[in-house]
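In: can you look at this prediction? I've put the sequence above it.
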Amino acid sequence: MRSLRSGILARRSWVCIQCRRISSTPLFNYGRLPPREREAIIPSRPARTRFAPSPTGYLHLGSLRTALFNYLLAKRTGGQFLLRLEDTDQKRTIPDAEKRLYKDLDWAGLNWDEGPVVGGPYGPYRQSERTHIYRKHADYLIHEGHAYRCFCSAERLHTHANYRNEAGLPPGYDRKCAGLSRGESEERAAKGESHVVRLKVDRYPDYEDIVYGTIKQDRPSRKSRNLESFQDAYDPIGRVYDDPILVKSDGHPTYHMANVVDDHLMRITHVVRGTEWMSSTPLHVALYGAFGWKPPRFAHVPLLVDQNGQKLSKRNADIDLSHFRDQGVFPATLLNFAVLLGWSHYQKSDLFSLVQLEKCFTLKFTKGDTKVAFEKLWYLQKGHAQRFVVGNEPEFQGMIVAVLELLKSTKTTKKLSPILQGRPISQYIAHLLKADSSAYTTAFEFFTRNLSFFTPRLDRPKYKPASTPTSTSSPRPMRIPISCLHTAAAAITLVPGEHWDAEILKANIASYDGASAIEAPLEGRNMHPPDGAETETDPARARRAADKEFKKQLYHYLRWALSAGAPGPSIPETMGILGRDVTLLRLDEARKLTQEAGARSPVAERLVRDKQREKAEANKSNRNPSAAGEKKDTSWMGSLAPRK
Ligand code: GLU
């Protein structure tokens, strides 16, 4: 991070030497770290990373996160992201898993630079097509004495394991076949005798993990009891070894063998994967050592657990991606949610688009299990919805279409013409989304929340004034006569159609003097003054308190009148979206429902007056064709009208 100052009065600002972001506060300065530490946070050279799923299931939250971390590391460093299918376990392979994987990654926007479908210089990228490569490498290890063929029968191994188990000894192999001469081993193999290939491991090497530091190995070959007298005979309780299998008896490689060979041949520099693979890493490092290869750098990221600390599983929400997609979760939201599971950052907000993540990702992972809380997913979804709407992103169109489809499924579209008044339905929905995107989670939730906008006739519950919390200093709640609210509703909507918009309506409500509105009725009817206002000695403050309380009741009344009390966009925005006629109609209905016997309706009067005026104007313009050019009448604006 470097400090920038352009001029004496300019505030100090900082520019990150990594991502060139300018900030008024110093961000974490990776540039100042010693090279070794910095390298562990963000490699200085382009990283080649890979996502290597086994097609034994569908992509779920945990595997999406692994793919994302690897993708981001490659993008952040200008490297390549590879996709490799680890399909060596043919028995567990699910037929459509591969197709679904492509679909899911495509939906998430994680495009791979090399891999199936797109190809690349180190293919094939499907392990089932690389058997010959693993065989060649296994032969090499045998030839170099780092591996050997093991012809032990399943029965022998089983008896051996049982014996040790009953004796309370750790499992292991006694290396019976390691002593076979090269000639005998070759001959038996050539005859087709069933065998596996084992790696000879006396001690697993230590390795350096980017997240966990030096991982020391206390697993030398397993020494249980070395009884001299049993040296030459079969000795089930003697020394045992791990000597892991590299090639199975069916000739297919094990995961370890294929994984290491491929990572090396595909020039992988960094492996980011879950901590569940940490126990395999010493074996992998040993295998790299046997080949004489430099291992990639490993970063093991925390396990995902539920709120009770249980590993995420199908039962407790580590559901496959279609679950999120079908609910309407945006890919951006799911990626944003996934990246925060075990990654820490120094940015101001947790809301990231994929493009932003590509610019600021680092290898700063947390240690220990990561609890997954789905409330965060919905919080992020609202943030992305707002981002899409404000930025008029392509996803905004998708949101409109999703709401429209729901509307069509209710078969009420035709009944909406009095509300739409000629406006295209998608434009109407877009208007509503613009006003209420900060609360958008799914199209369904949005639609049901805003049902009052898609309902020609409102079914309002019985009106109840807003509850006013009683304070100890002024225990009596404010009572505002309903007629005052009717009058206010009529006054603030005194706006002709051509000026009907949320901004003007908002200004009208703000400038409406609630304190004066209630003065007269209070005097006449011996009502209580607003809560707090009666104890206020400063008249200006008393008026402000009265106005505030009045507005609260007014907003409450208007929400009940316009949307049957349902939450949604602000009141001025609601009026703007519904349009003048529907607003006035709903206010009039509300008034009738709350009208005290004998009272007159200002809204109804207004509607009649409007109609009369429209008629008169129509007559006038019929008589005088130049009427359209007449000066605009702005008297309706009251104090807001431009001065003559
Ligand atoms: N095929 C392994 C899996 O399914 C890959 C593990 C690794 O990244 O090395 O996750």
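Out: Received it, and whenever you're ready, just let me know what you need. Numbering: from 1, shown residues only.
In: contacts and neighbour counts: CA atoms only from here.
Out: Noted.
In: list the contacts for L351?
Out: 336, 380, 383-384 (C-alpha atoms under 8 Å, 6 or more residues apart in numbering).
In: can you name the two of these that sit furthest apart?
Out: By the measure C-alpha to C-alpha, N336 and G383 form the most distant pair in the contacts of L351, at 10.6 Å.
In: and the two? which has more neighbours close in?
Out: Between N336 and G383, counted using other C-alpha atoms under 10 Å, N336 has the larger neighbour count: 24 against 20.
In: for the residue nearest to that one when sequence neighbours are not counted, which three-state class applies?
Out: Excluding the flanking residues, the one nearest N336 by C-alpha to C-alpha, 6 or more residues apart in numbering is F352, at 5.9 Å. Classification of F352 using DSSP: H, G, I helix; E, B strand; the rest coil returns coil.
In: surely F352 touches L334?
Out: No - counting by C-alpha atoms under 8 Å, L334 is not a contact partner of F352; they are 10.7 Å apart.
In: show me where the chain has its strands.
Out: Counting by DSSP state E, one finds strands in the chain at the ranges 2-4, 13-15, 22-23, 48-51, 80-83, 147-150, 196-199, 207-209, 213-215, 245-247, 270-274, 297-301, 304-305, 370-371.
In: deepest-packed of those, please.
Out: Highest mean neighbour count of those: strand 48-51, a mean of 27 (counted as mean count of other C-alpha atoms under 10 Å).
In: adding distance to N165 and mean pLDDT, write the strands of the chain out as TSV.
Out: What follows is those, written out as TSV (distance: least, C-alpha to C-alpha, whole Å; pLDDT from 0 to 100):
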stretch	distance to N165	mean pLDDT
strand 2-4	63	43
strand 13-15	62	48
strand 22-23	62	50
strand 48-51	37	98
strand 80-83	41	98
strand 147-150	21	98
strand 196-199	22	98
strand 207-209	30	95
strand 213-215	28	94
strand 245-247	20	97
strand 270-274	30	97
strand 297-301	32	97
strand 304-305	32	92
strand 370-371	35	94
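In: closest one to the ligand among those?
Out: strand 270-274 (5.1 Å; C-alpha to the nearest ligand atom).
In: run the angle between that closest one and strand 297-301 for me.
Out: Taking axes from the mean of the first three to the mean of the last three C-alpha atoms, to 10 degrees, one finds strand 270-274 and strand 297-301 inclined to each other by 20 degrees.
In: and the ligand, is strand 270-274 touching that?
Out: Yes - shown here: strand 270-274 in contact with the ligand (C-alpha under 6 Å from any ligand atom) through R273.
In: so what touches that strand?
Out: 47-50, 66, 69-70, 296-303.
In: any idea how far it is from the chain center?
Out: Chain-centre distance of strand 270-274: 21 Å, with C-alpha atoms, centre = their mean, to the nearest Å.
In: ok, it: who's next to it in the sheet?
Out: strand 297-301 (parallel) (DSSP bridges).
In: extract the CA atoms of the strand it pairs with and return them as PDB.
Out: The C-alpha trace of strand 297-301 is given here as PDB (Å, rounded to 0.1, in the frame of the first residue of the first chain):
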ATOM      1  CA  ARG A 297       1.800 -26.000  -2.600                       C
ATOM      2  CA  PHE A 298      -1.100 -27.200  -0.500                       C
ATOM      3  CA  ALA A 299      -3.700 -25.100   1.200                       C
ATOM      4  CA  HIS A 300      -6.300 -27.100   3.200                       C
ATOM      5  CA  VAL A 301      -9.400 -25.200   3.800                       C
END
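In: and N392, how many neighbours?
Out: Counted with other C-alpha under 10 Å, N392 comes out at 12.
In: shaky segments in the stretch 301-450 of the chain?
Out: Regions of the stretch 301-450 of the chain meeting the criterion pLDDT under 70 cover residues 314-318.
In: what segments of the stretch 1-150 of the chain are helices?
Out: 35-41, 61-77, 97-108, 131-143 (DSSP state H, counting those that start in this stretch).
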